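**Student:** Only the shape, not the letters, is given here:
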């Protein structure tokens, strides 16, 4: 499933073509994705101007000029592609052609804006993504948004905040970090990478990083910085392309080439001076990759 850096990369890729553009036509090529499309979905979007594109956790938020907000989730395999009239040059070894399997193109936005005319195509082979509508006033109370925790970018995530959420929490550190009510948008890949950077075992109790007075330990401060750093690096790299993720222009993200532990089972630990071997364990049904020698 695309994680926060992948969704942020998609948002940035769509922004030039969509922000400020008018939706001249909206094609719906099926009645549903993970959920049925909202009632009068086409009528509520056609003719409206897109005022802004935002992201909250793993949700893409498309704001319209009548205060309607389109909440889009990519699910397991969803992606957006921009087909613009202008010629686009995307150099680099990771450039790939747009998916040729057009039978999975389920929604097409025909827009015209400052960047010219373009087709914004939503493709989703597994159809586990979804699109819902709300209003800007009701967004914070939407069932998918209201309980989300702090974003791992910006100033909301800090050690004192995590200490307040980890105090007395016996759950393994990996599970606590994946709790979207604590940190919004943080997924399996980047939790594994942040734990490796901060030399922390995914098995240890979250409460062990909080003092008896409820203050963050130095190790929790290190973890907080590691989370922020790994997310920032992944966004800069355009996300991680494992199976389905593509940027909006069709380019592959390349953070996967910087993985230190994720999907490296049986390989040597990359930390200088460590002779450990990366292991894989299963926690709450998900694979966890870590070095048992240097992560304690």
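**Tutor:** Sure, I can see it. All values derive from a computational prediction rather than experimental measurement.
**Student:** Who is residue 53 paired with across the strands?
**Tutor:** With DSSP bridges as the criterion, residue 53 is bridged to residue 62.
**Student:** can you check residue 283 too?
**Tutor:** For residue 283, the beta-bridge partners under DSSP bridges are residue 286.
**Student:** Now do it against residue 289, distance only.
**Tutor:** In this view, residue 283 and residue 289 are 11 Å apart by Cβ to Cβ, to the nearest Å. Glycine gets a C-beta too; all of them are placed from N, C-alpha and C.
**Student:** Among those two, which residue is more densely surrounded?
**Tutor:** Between residue 283 and residue 289, counted using other Cβ atoms under 10 Å, residue 289 has the larger neighbour count: 23 against 15.
**Student:** Assign the residue nearest to the more buried one when sequence neighbours are not counted to helix, strand or coil.
**Tutor:** In this structure, residue 289 finds its nearest non-sequential neighbour in residue 261, 4.3 Å apart by Cβ to Cβ, 6 or more residues apart in numbering. Reduced to three states with DSSP: H, G, I helix; E, B strand; the rest coil, the structure at residue 261 is coil.
**Student:** Over to residue 194: give its phi and psi.
**Tutor:** phi -70, psi -40 (degrees, to the nearest 10).
**Student:** sorry, that was for residue 149
**Tutor:** Here residue 149 shows phi and psi, under degrees, to the nearest 10, equal to phi -80, psi -160.
**Student:** Need the mean per-residue confidence for stretch 142-161.
**Tutor:** Taken as a whole, stretch 142-161 carries a mean pLDDT of 94.
**Student:** Which residues outside it are in contact with it?
**Tutor:** 4, 8, 56-57, 59, 71, 73, 132, 134, 139-140, 165, 179-186, 215-216, 220-221, 224, 227-228, 231-232, 235 (Cβ atoms under 8 Å, 6 or more residues apart in numbering).
**Student:** for it, how far is the first residue from the last?
**Tutor:** Terminal residues of stretch 142-161 lie 23 Å apart, using Cα to Cα, to the nearest Å.
**Student:** For that stretch, buried residues please.
**Tutor:** For stretch 142-161, the neighbour count (16 or more other Cβ atoms under 10 Å) marks 142, 144-145, 148-153, 157, 159, 161 as buried.
**Student:** part of a helix, is residue 140?
**Tutor:** Yes. The assignment for residue 140 is a helix, going by three-state DSSP.
**Student:** Could you pull up phi and psi at the spatially closest residue to it that is not a sequence neighbour?
**Tutor:** Leaving aside its sequence neighbours, residue 140 sits nearest to residue 146 (Cβ to Cβ, 6+ apart; 6.3 Å). Dihedral pair for residue 146: phi -60, psi -30, per degrees, to the nearest 10.
**Student:** Give the ranges of residues in the protein that sit below the confidence cut-off.
**Tutor:** Applying pLDDT under 70 to the chain flags residues 1, 85-100, 238-257.
**Student:** mind checking the longest helix of it?
**Tutor:** Criterion DSSP state H: the longest helix present in the chain is helix 218-237.
**Student:** Now do it: which elements does it pack against?
**Tutor:** Packed against helix 218-237, as judged by 3 or more Cβ pairs under 8 Å, 6 or more residues apart in numbering; DSSP states H and E, are the following elements: helix 4-18, helix 159-166, helix 188-197.
**Student:** Need the ones you listed in a markdown table (columns: distance to residue 114).
**Tutor:** Formatted as a markdown table, these follow (distance: least, Cβ to Cβ, whole Å):
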| stretch | distance to residue 114 |
| --- | --- |
| helix 4-18 | 8 |
| helix 159-166 | 38 |
| helix 188-197 | 33 |
